[in-house]
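Asks: Pasted the sequence and its predicted model underneath.
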Amino acid sequence: MEFEKIYSTYFNDVFRYIRRLSGNEHIAEEITVDTFFKAMNSIDSFRGDCDIRVWLCQIAKNSYLSYLKKSGRIDNIEDAELLNIADPNETVEEKFVRHDEAVQIQKVLHDIPDPYKEVFMWRVFAELSFKQIGQIFGKSENWACVTYHRARNKIKERLEVDYHEE
């Protein structure tokens, strides 16, 4: 596939993914352009082990995390593992509640072992299908689905335990 075709086919997917992570259209544009520049320079290394969209989103995620680290917005990658979507119509109270929930989920995610943590993040933040997630791990679509639901259950159980301890 020509790189121009890859660019025109997947630009919007990568852009939406980063816009969702960052909550900022300008940052999403910058990171998306950077992603395709990196992809163009390393397209020969793409082995085809996964869907090209997945490969591009992995590059985009890494570029975004590097951007956050360079700009001093995070000290380490784990701080960025649970990035929420910013809703411009959200009230201050809603933002506070959402932030509080995000912090609680981030703490829980930190303690959940891989592959549960990563499968959960690919599904929630990248909105990848179970088939695509399975491809990332070299597993089946069913494996990805089961792993995701187990991760959700682990998060839910932990949040319930933490809630009852308060």
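Replies: Okay, I see it. Residues are numbered from 1 along each chain as shown.
Asks: what's downstream of the lowest-mean-pLDDT helix or strand in the chain, the next helix or strand?
Replies: Every helix and strand of the chain was ranked by mean pLDDT, DSSP states H and E. The lowest is helix 92-111, at a mean of 64. From helix 92-111 onward toward the C-terminus, using DSSP states H and E, the following helix or strand is helix 116-125.
Asks: Check which residues of the next helix or strand after that next one are buried.
Replies: Counting by DSSP H and E, the next helix or strand C-terminal to helix 116-125 is helix 130-137. Neighbour counts using 16 or more other CB atoms under 10 Å place 130, 132-137 of helix 130-137 among the buried residues. (Each C-beta comes from the backbone N, C-alpha and C, glycine too.)
Asks: Show residues contacting helix 130-137.
Replies: 49-51, 53-54, 58, 115, 119, 122-123, 128, 140-145, 147-148 (CB atoms under 8 Å, 6 or more residues apart in numbering).
Asks: Are any of those residues buried, and if so which?
Replies: 50-51, 53-54, 115, 119, 122-123, 128, 143-145, 147-148.
Asks: Looking at those, which is nearest residue 9?
Replies: residue 53 (8.5 Å; CB to CB).
Asks: where does that closest one land in three-state SS?
Replies: At residue 53 the chain is in helix, as set by DSSP: H, G, I helix; E, B strand; the rest coil.
Asks: With distance to residue 104 as added columns, please give the buried residues of helix 130-137 in TSV.
Replies: Formatted as TSV, those follow (distance: CB to CB, whole Å):
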residue	distance to residue 104
130	26
132	28
133	24
134	29
135	31
136	27
137	27
